[in-house]
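K.L.:
Quick one: sequence plus predicted model below, questions after.
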Amino acid sequence: HDAIAAAISDIIDDVHMIGIDGPWGAGKSNLVGILQKILEKDNKYSFFIYDAWGHQTDYQRRAIIEEMIGYIHDKELIRKNDSEWQGLCNDILGKVTETNTEIQDGFSWSAFFILCSIAFTPTVMSLASGFDNISVKMSLSSIPFVFVLISVGLAAWKAYKGSKEFSQQITIFKDTLIGAYKRESIQKKKREFVNTHNPSTILFRRFFKKVDASFSQDDTLIIIIDNLDRLSRESVQEIWSSIQACFNDSIEELKHIRVIVPFDRKHLKICHEDVEDSSYINDYIDKTFDIVFRVPLPVMTDWKTYFDSRWKKAFCKTEKQQDTKELDYVKNIYDALTLNITPRNINAFINEMTTLSLSQICRDIKYRYRAIFCCRKEQILSDPIKALTDLDYLGPLKSQFVNDDGFYDAISALIYQVPLQRGAEVAIYR
């Protein structure tokens with residue numbers, strides 16, 4: 001990966017379209033990460049990584065543009081007041097509509113106390129006129145005024161909590177008091193895009209031409225379109241046609257943009273299986289890319305060291321580790337039952353082993369039996385009775401476990417999720 005990343009960094013200024021060909025799990029995304037670390041040491045390079053899998057249910061062409069608009073705004077590559085840019089974004093994302101909503105405001109506590117002051121004023125004044133004592137008259141007459149003070153205080157508190165700006169506080173205070181005296185409707189505006197369709201090829205090209213023009217002479221934008229090998233046939237064809245139409249046919253126009261596409265050739269052939277000519281995909285790839293680097297599946301000559309480090313990290317907090325001999329059993333079983341040993345496969349296996357360990361039911365089951373269950377879970381669960389009577393699915397390990405009574409108890413317990421002591425009993429009952 002380091003060697004390929006270094007080779008790409010050496011030629012990145014001379015080519016526009018670069019393919020990275022490798023099977024799923026070969027580490028293509030890891031290679032892109034290494035390349036990014038190398039090139040970002042030079043401030044002239046910017047990386048935009050589009051995760052196609054993350055938008056598998058979206059219109060891919062539209063999703064690319066939406067992600068790119070967010071990236072450009074974050075990086076401030078184009079001025080926000082650029083009218084041409086805003087118009088182009090509106091054309092692509094859709095027309096903006098404004099919806100006016102009228103909401104009838106209900107009475108607040110300020111309104112309640114204002115109404116109390118109005119309602120009590122005639123009554124209080126009538127009562128006050130019947131007393132000769134000046135103090136009593138003053139006390140009764142001040143009751144409506146107290147209600148008004150409470151209303152003003154509540155409005156002031158609402159204004160203080162509603163905004164930190166003094167001008168906004170005055171507006172809230174005024175609106176609260178006016179609303180307390182007279183119920184008024186509140187107008188609210190909502191802006192939204194109404195177009196959710198895919199942009200046309202012409203708009204797609206216009207968009208990236210504008211993006212390209214926003215870069216200075218020495219700067220370069222590197223676009224990575226990742227995780228194509230996880231998409232459905234329709235999504236792959238949509239992205240591939242967009243790449244071909246915009247970037248490959250327009251390379252003379254887009255001087256500051258480089259495109260790197262990690263892909264799985266086998267997956268592309270499956271996505272175009274309706275084409276009778278088997279060489280079609282190879283020709284199409286050759287036409288699309290200036291250069292294609294092949295990434296093989298990693299060969300882990302010292303995989304057991306990596307396995308030990310991941311195992312220790314996974315199990316140091318979940319349960320007391322069993323002895324070293326038991327761990328050796330696990331590694332030998334994993335080696336015998338795993339076709340391609342890669343870091344990704346090792347992590348997936350250890351994650352599943354960790355999940356089993358979190359269950360109290362599995363605490364008494366030895367790691368070796370858990371390892372067999374994880375490596376052959378599909379075959380075991382598809383026909384549990386056959387898995388306990390015919391051990392051919394264990395391949396070279398069959399002779400090692402065929403006379404092991406503990407194996408049958410443990411596998412039965414894992415199948416039916418019962419304690420180890422009841423594994424064989426439940427299996428016989430079934």
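P.N.:
Sure thing, it's come through. Numbers count the residues shown, from 1 in each chain.
K.L.:
where does the protein dip in pLDDT?
P.N.:
Scanning the chain for pLDDT under 70 picks out 79-81, 93-109, 176-197, 248-253, 271-279, 316-323, 423-424, 426-430.
K.L.:
Could you pull out the strands in it for me?
P.N.:
17-21, 45-51, 96-104, 185-193, 220-226, 257-263, 291-294 (DSSP state E).
K.L.:
quick one: the last one to chain centroid distance?
P.N.:
Between the mean C-alpha point of strand 291-294 and the mean C-alpha point of its chain there is a distance of 28 Å (C-alpha atoms, centre = their mean, to the nearest Å).
K.L.:
Report the buried residues of it.
P.N.:
Val292, Phe293 (16 or more other C-beta atoms under 10 Å). Any C-beta I mention is one placed from the backbone N, CA and C, and that applies to glycine too.
K.L.:
farthest residue from the center of this structure?
P.N.:
Asp132 (78.1 Å; C-alpha atoms, centre = their mean).
K.L.:
Tell me how far that one lies from Ala413.
P.N.:
96 Å (C-beta to C-beta, to the nearest Å).
K.L.:
same deal with Phe166?
P.N.:
Phe166 is 71 Å from Ala413, by C-beta to C-beta.
K.L.:
Neighbour count: those two, which is higher?
P.N.:
Ala413 (25 against 9; other C-beta atoms under 10 Å).
K.L.:
The residue farthest from the centre of the chain and Leu228: what is the separation?
P.N.:
95 Å.
K.L.:
for the residue nearest to Ile34 when sequence neighbours are not counted, what are its contacts?
P.N.:
Spatial nearest neighbour of Ile34, excluding adjacent residues (C-beta to C-beta, 6 or more residues apart in numbering): Ala5 at 4.1 Å. Neighbouring residues of Ala5 by C-beta atoms under 8 Å, 6 or more residues apart in numbering: Leu31, Ile34, Leu35, Ile38.
K.L.:
unless I'm mixing things up, the last one is touching Ala7, no?
P.N.:
No - under the contact definition of C-beta atoms under 8 Å, Ile38 does not touch Ala7, with a separation of 10.7 Å.
K.L.:
The two: who's more crowded?
P.N.:
Comparing Ile38 with Ala7 by other C-beta under 10 Å, the one with more neighbours is Ile38, at 17 against 13.
K.L.:
so how many other residues sit close to Ser399?
P.N.:
Neighbours of Ser399 using other C-beta under 10 Å come to 9.
K.L.:
just Glu378 next, same as before
P.N.:
8.
K.L.:
same question, Arg230
P.N.:
16.
K.L.:
my guess is it contacts Asp51, does it?
P.N.:
No - counting by C-beta under 8 Å, Arg230 sits too far from Asp51 to count as a contact (9.6 Å).
K.L.:
ok so, going back, can you report phi and psi for the residue farthest from the centre of the chain?
P.N.:
Here is the backbone geometry of Asp132 (degrees, to the nearest 10): phi -90, psi -20.
K.L.:
Quick check: the gap between Arg363 and Glu40.
P.N.:
Distance from Arg363 to Glu40, by C-beta to C-beta: 47 Å.
K.L.:
next one: Phe289
P.N.:
With C-beta to C-beta as the criterion, Phe289 and Glu40 are 23 Å apart.
K.L.:
Looking at these two, which is more packed in?
P.N.:
Just comparing Phe289 and Glu40: by other C-beta under 10 Å the higher neighbour count belongs to Phe289, 22 against 13.
K.L.:
ok, the residue nearest to Ala63 when sequence neighbours are not counted - how many residues close by?
P.N.:
Nearest residue to Ala63 in three dimensions, chain neighbours excluded: His55, at 3.9 Å (C-beta to C-beta, 6+ apart). Neighbourhood size, His55 [other C-beta under 10 Å]: 19.
K.L.:
Same question for Asp58.
P.N.:
Asp58: 15 neighbours (other C-beta under 10 Å).
K.L.:
Show me what stretch 60-79 is in contact with.
P.N.:
Residues contacting stretch 60-79 (C-beta under 8 Å, 6+ apart): 46, 48, 50, 52, 55, 80, 85, 89, 92-93, 196-199, 204, 207, 210-211, 214-215, 225, 235, 238-239, 242.
K.L.:
And that stretch, how far out from the chain middle?
P.N.:
With C-alpha atoms, centre = their mean, you get 17 Å for stretch 60-79.
K.L.:
buried residues in it?
P.N.:
60-69, 71-72, 77-78.
K.L.:
Return the closest of the residues you listed with respect to Leu149.
P.N.:
Ile69 (52.2 Å; C-beta to C-beta).
K.L.:
Quick one: the helices in the stretch 151-300 of the chain, in order.
P.N.:
166-181, 201-213, 233-242, 265-271, 280-288 (DSSP state H, counting those that start in this stretch).
K.L.:
right, and the ones you listed - which one's nearest Glu425?
P.N.:
helix 265-271 (46.1 Å).
K.L.:
Pull the residues that contact the closest one.
P.N.:
For helix 265-271, using C-beta under 8 Å, 6+ apart, the contacting residues are 21, 23-24, 228-229, 233, 236-237, 240, 278, 281-282, 285.
K.L.:
ok, now with 10 Å
P.N.:
19, 21-24, 228-237, 240, 264, 275, 278, 280-282, 284-285, 292, 294 (C-beta atoms under 10 Å, 6 or more residues apart in numbering).
K.L.:
Which members of the residues you listed are classed as buried?
P.N.:
Here, 16+ other C-beta under 10 Å leaves 19, 21-23, 228-231, 235-236, 240, 264, 281, 285, 292 buried among the contacts of helix 265-271.
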